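[1] All I have is the shape, not the residue letters:
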């Protein structure tokens, strides 16, 4: 499983944008994601990767770029 590709697919479904060339772009600051989309993203990530990311522990600053999201998923898979 290619985690980066899967994360980018989820983000593209939510934002309508291909972010593969914009891995360090802040997806909240640029208006691509809002709080509702972030909840949906977490649900999709939990389902796809069998990881546990409680919404109550979600810190937008730790999940605000595609590269950070990939890193968080990889770290969660390794726990």
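    That came in fine, so what should we check first? Model, not experiment: these values are computed from the prediction. Residues are numbered from 1 along each chain as shown.

[2] secondary structure class for residue 17?
    coil (DSSP: H, G, I helix; E, B strand; the rest coil).

[3] Quick check: what element follows the biggest helix by length in the chain along the chain?
    Taking DSSP state H as the criterion, the chain has its longest helix at helix 35-49. Downstream of helix 35-49, the next assigned helix or strand under DSSP states H and E is helix 66-77.

[4] Can you name every helix or strand that that following helix contacts?
    On a contact count with 3 or more Cβ pairs under 8 Å, 6 or more residues apart in numbering; DSSP states H and E, helix 66-77 meets helix 3-15, helix 35-49. Where C-beta positions appear, they are placed from N, C-alpha and C, glycine not excepted.

[5] burial count for residue 61?
    Applying other Cβ atoms under 10 Å, we find 9 other residues in the vicinity of residue 61.

[6] distance of it from residue 29?
    The gap separating residue 61 from residue 29 is 11 Å, by Cβ to Cβ, to the nearest Å.

[7] sorry, back to before: just checking, which of the helices and strands packed on helix 66-77 sits deepest inside the structure?
    helix 3-15 (a mean of 17; mean count of other Cβ atoms under 10 Å).

[8] residues making contact with that helix?
    For helix 3-15, the surrounding residues in contact (Cβ atoms under 8 Å, 6 or more residues apart in numbering) are 17-20, 27, 32-33, 37, 40-41, 44-45, 48-49, 66, 69-70, 73-74, 77.
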